[in-house]
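[1] build the 3D model from these lines:
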Amino acid sequence: MEAATSTMASLGFVERSFASGDIDHPVFEKGRGPSVLILHELPGLAMPCVRFAERLIDAGFRVHLPLLVGAPLRHAALANWRALCISVEFARLEAGVHAPITDWLRALAADIAERAGGARIGAIGMCLTGAFVIPLFIDAAVATGVVSQPAIPLRIVYRTIGLGEGPWMDQLNISDNELQAGACAARSDQKKILLQRYAEDRLCPGRRLERIARSFGAQAELDEYSHPSWWRRVFNPPHALLTEEYDRAGDDDHATREALCRVIELLNEQLGR
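    Below you'll find the model as predicted:
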């Protein structure tokens, strides 16, 4: 952990610890401008997520990266999955229940806003943390959010061969009350939420985002992108739109570039840029 943390420092990130209740995690921060809270994916706070953060820094934002599981800069999907399956903080990855980590994230968002002089912030969740953005809408500190390919709950068989459709495709790893409260706050305060996924993604079924979009109504924008490779669409469906898939793609006109541009546009619009 110490070596990886020092590497984050070498990349220009400043580390601080944030505690709320019984939960305490490090947070890495960098950049100037309106604050954006970025929640990393299942593989961990690995380089694809850091590179995504750097792109937002280059666009004029200050990013805040909490380390929720694992070690910084370490890609460890299997080890993190095992840890999360028994984690009380993450409600053991059960669907439709409240995860205590969302209380910690709400407190962190409020702290970031307070440290920024009361300026409201943006929040981005991806994969494991995609749905965790929704409860953040309840509080005044968060002005807008991005829910990118929320993948929990998931089904490995469906991811592999596309079989096993069922009610799990509509479920989220937050409670129904949190979904309703987040959507109500967004409608009342005119907060925009951006929903993103690949159309071929079998870790994040389309029905899941459609459910969120229905709850948020006119405050939601749902964007689906198609991968240019037919082989990938059929045999290796894409998933990590803003991180790993962005890194794999070239600099030509690609869905990942369009998705990133829309994220930056939303943050500029909603954070007063």
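
[2] shaky segments in the protein?
    Scanning the chain for pLDDT under 70 picks out the ranges 1-6, 251-253, 273.

[3] need the strands for it, in chain order.
    Listed from the start of the chain, the chain has strands (DSSP state E) covering 14-20, 23-30, 35-39, 62-66, 121-126, 142-148, 193-198, 220-225.

[4] a markdown table please, covering these and showing mean neighbour count.
    Every residue, glycine included, has its C-beta placed from N, CA and C. Below are the strands of the chain laid out as a markdown table (neighbours: other C-beta atoms under 10 Å):
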| stretch | mean neighbour count |
| --- | --- |
| strand 14-20 | 13 |
| strand 23-30 | 17 |
| strand 35-39 | 25 |
| strand 62-66 | 22 |
| strand 121-126 | 28 |
| strand 142-148 | 27 |
| strand 193-198 | 25 |
| strand 220-225 | 17 |
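
[5] tell me how far Glu210 lies from Met169.
    Distance from Glu210 to Met169, counting by C-beta to C-beta, to the nearest Å: 10 Å.

[6] ditto for Leu222
    Leu222 sits 15 Å away from Met169, taking C-beta to C-beta as the criterion.

[7] which residues of the stretch 101-250 of the chain fall in helices?
    According to DSSP state H, counting those that start in this stretch, the stretch 101-250 of the chain carries its helices in the segments 133-136, 156-161, 176-189, 206-216, 230-235, 244-248.

[8] nearest to His64, of the ones you listed?
    Among the helices of the stretch 101-250 of the chain, helix 133-136 comes nearest to His64, with 12.3 Å by C-beta to C-beta.

[9] who touches the closest one?
    Residues outside helix 133-136 that contact it (C-beta atoms under 8 Å, 6 or more residues apart in numbering): 37, 39, 102, 105-106, 109, 123-125, 142, 145-147, 172, 174, 178-179, 181-183, 193, 212.

[10] would you mark the buried spots in it?
    In terms of neighbour count (16 or more other C-beta atoms under 10 Å), helix 133-136 has its buried residues at 133-136.

[11] ditto for stretch 228-236
    Under 16+ other C-beta under 10 Å, the buried positions of stretch 228-236 are Arg233.

[12] who's the spatially most central residue of the chain bridged to?
    Centroid-nearest residue in the chain, with C-alpha atoms, centre = their mean: Gly125, separated by 1.1 Å. Using DSSP bridges, the beta-bridge partners of Gly125 come out as Leu39, Val147.
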